[in-house]
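S.K.: quick one: sequence plus predicted model below, questions after.
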Amino acid sequence: MFSYMASIYRCRFFWMSLVKMDLRTRYRRSILGLGWSLLHPIAMTTILCFVFHRIFKVSAEEYAPTLMAGLAFWTYFQGVTLQGCSTFFLAESYIRQYPSPLAIFPLRTALGAGIHFLMALGVAIVLASYTLGIPNPLALLSLVPTLALLFLLGWGLALLAGIATVLFQDSEHLATVGFQILFYATPIIYTDETIRANNLTWLMHYNPLVAFLNLLRDPLIKHQAPSWHTYGAATATVLIVAGLAFGLLYRVQRRFIFYL
């Protein structure tokens with residue numbers, strides 16, 4: 001494992017150039033550039049805040065940053081997985097020409113999605129500071145290990161999705177349908193009060209994504225660092241995803257080229 005990670009580090013200039021190329025290609029000749037990545041979460045936050053405030057009488061001051069942080073996470077989680085489905089097909093020419101570590105291509109996907117996530121998270125922090133007051137600086141420091149966990153989660157998900165799609169090319173379509181179901185089974189747009197009022201607290205206990213939402217929302221909304229239990233649940237999820245991803249990669253990497 002250490003030698004494999006060292007080989008990834010030696011290729012750092014290669015995969016960093018791939019990330020830069022992806023960003024330049026995506027926003028070439030665009031007026032807003034990277035700003036387009038913020039349009040969806042900001043528009044969704046504005047619309048849902050209006051609807052929930054008028055219909056369910058939810059406080060917009062607290063709901064807006066809560067929703068923005070949730071949508072930032074969901075956009076990253078969904079994007080890194082769906083983009084990961086095609087990561088090896090997009091890199092097929094590189095894979096056939098040079099025996100570089102296969103994990104660098106999902107890494108490319110995770111870094112690209114991570115840049116967009118950081119921008120959306122920055123907007124959530126500004127929004128929370130405006131509506132709820134400036135967060136506790138010590139609580140904001142807890143976002144550093146949170147970002148590390150989210151990056152590892154995204155890398156593992158992109159790797160799993162990429163291998164699954166190469167082995168079974170309908171995986172991306174299945175994932176798209178699965179995300180539509182998972183979105184409504186995850187408290188992205190729901191408040192804690194709404195969940196408890198409708199006897200849906202099981203969503204909070206059995207959904208592994210809730211821990212990551214709490215890691216983001218607690219410093220911004222509650223102005224406190226997440227609990228050790230929250231960190232433990234998120235870390236366990238990351239270890240499971242990363243273990244499955246790299247274990248599967250270890251089994252298929254030698255004959256992976258024949259599946260492309």
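M.R.: Looks like it came in fine. Residues are numbered from 1 along each chain as shown.
S.K.: just name the shakiest helix or strand of the protein by mean pLDDT.
M.R.: Among the helical and strand segments of the chain, the one scoring lowest on mean pLDDT, DSSP states H and E is helix 192-197, with a mean of 69.
S.K.: ok, which stretches of the stretch 151-260 of the chain are helices?
M.R.: Counting by DSSP state H, counting those that start in this stretch, the segments of the stretch 151-260 of the chain that form helices are 171-184, 192-197, 202-206, 209-217, 228-252.
S.K.: residue 144: which of those is closest?
M.R.: helix 209-217 (10.9 Å; Cβ to Cβ). Heads up, the C-betas are built off the backbone N, CA and C, glycines and all.
S.K.: which outside residues touch the closest one?
M.R.: Where contact means Cβ atoms under 8 Å, 6 or more residues apart in numbering, the residues beyond helix 209-217 that reach it are 66, 69-70, 72-73, 77, 121, 124, 142-143, 146, 149-150, 153, 182, 186-188, 203-204, 226, 230-231, 233-234, 237.
S.K.: ok so, going back, want to throw the helices of the stretch 151-260 of the chain into CSV with mean neighbour count and distance to residue 23?
M.R.: Supplementary listing: the helices of the stretch 151-260 of the chain in CSV, determined by neighbours: other Cβ atoms under 10 Å; distance: least, Cβ to Cβ, whole Å:
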stretch, mean neighbour count, distance to residue 23
helix 171-184, 13, 22
helix 192-197, 12, 36
helix 202-206, 12, 35
helix 209-217, 22, 23
helix 228-252, 15, 24
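S.K.: quick check: which ranges of the stretch 151-260 of the chain have low pLDDT?
M.R.: Counting by pLDDT under 70, the stretch 151-260 of the chain shows low-confidence ranges at 192-193, 196-199, 202-203.
S.K.: 80 instead, please
M.R.: 191-205, 260 (pLDDT under 80).
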